[in-house]
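Trainee: I need the structure of the sequence given here:
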Amino acid sequence: MKITGTGMAHHTRSRRHLPEDEAARRRWQHPESILEGIGLAFGSTFIDVGCGEGFFALPAARMVGPHGRVCGIDIDAEALDLLQEKAFREGLDNVVLHRGMAEEIVLCSGCADVVFFGIDLHDFVDPVRVLRNANRMVSGSGLIVDMDWKKEPLPLGPPPGKKFSPEHAAALMTEAGLEVRAVAESGPYHYIVTAVAGDKKKG
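Mentor: Below is the predicted model:
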């Protein structure tokens, strides 16, 4: 399996989180349960698009084990540095990080068992292009998973106007050539849309 990176992008945002922030988040979102629920398995290749400081990437690295691989993509160099430090401290040498815009990055052709969007699809300049790249990276039997905020007033997250409804997220996935398989709730604040690869010749 060959995974390659692309050129760097401008650093446009910063999302510094303290350890207590992650502890607070875990009270309403449990990454291991979510990853188990989507079927992440030992030995899998997991691509985390918009990985940040690793709220999902690090649990994924533990779950896929030394024979699996976690590839993180983000535009935030500081977040990636922190994620790499955390992985190093845990002895997780199965984490590979790439800085750049997800609209421009295709790490591989059909290598991923899961391409994951953790509460960030609404942040991309061109989400359809990002999803087309996901379609290129996922294997024929793999999954593309979009978890995002419910489009309603909530005590956390962005305002409703910035959020995608699950119907809109599913429509974007369909536009990108993916085949949507399921839409489900994920805890009190989020939903998950699960899709599989579509006709890659159209991507």
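Trainee: What's the separation between the nearest residue to residue 67 once chain neighbours are set aside and residue 90?
Mentor: Leaving aside its chain neighbours, residue 67 sits nearest to residue 43 (4.5 Å; criterion: Cβ to Cβ, 6 or more residues apart in numbering). All C-beta atoms are positioned from the backbone trio N, CA, C, and that covers glycine. Using Cβ to Cβ, to the nearest Å, residue 43 is found at 18 Å from residue 90.
Trainee: Let's verify the closest residue to residue 74 other than its chain neighbours: helix, strand, or coil?
Mentor: Using Cβ to Cβ, 6+ apart and skipping residues adjacent in sequence, the residue nearest residue 74 is residue 51, 5.1 Å away. Three-state assignment for residue 51 (DSSP: H, G, I helix; E, B strand; the rest coil): coil.
Trainee: Give me the neighbour count for residue 51.
Mentor: Using other Cβ atoms under 10 Å, residue 51 has 28 neighbouring residues.
Trainee: how close does the residue nearest to residue 67 sit to residue 151?
Mentor: In terms of Cβ to Cβ, residue 43 sits 36 Å off from residue 151.
Trainee: Residue 188: what's it in contact with?
Mentor: The neighbours of residue 188, taking Cβ atoms under 8 Å, 6 or more residues apart in numbering as the test, are residue 28.
Trainee: what about it, which SS state?
Mentor: coil.
Trainee: What does it show for phi and psi?
Mentor: Main-chain torsions, residue 188, degrees, to the nearest 10: phi -70, psi -20.
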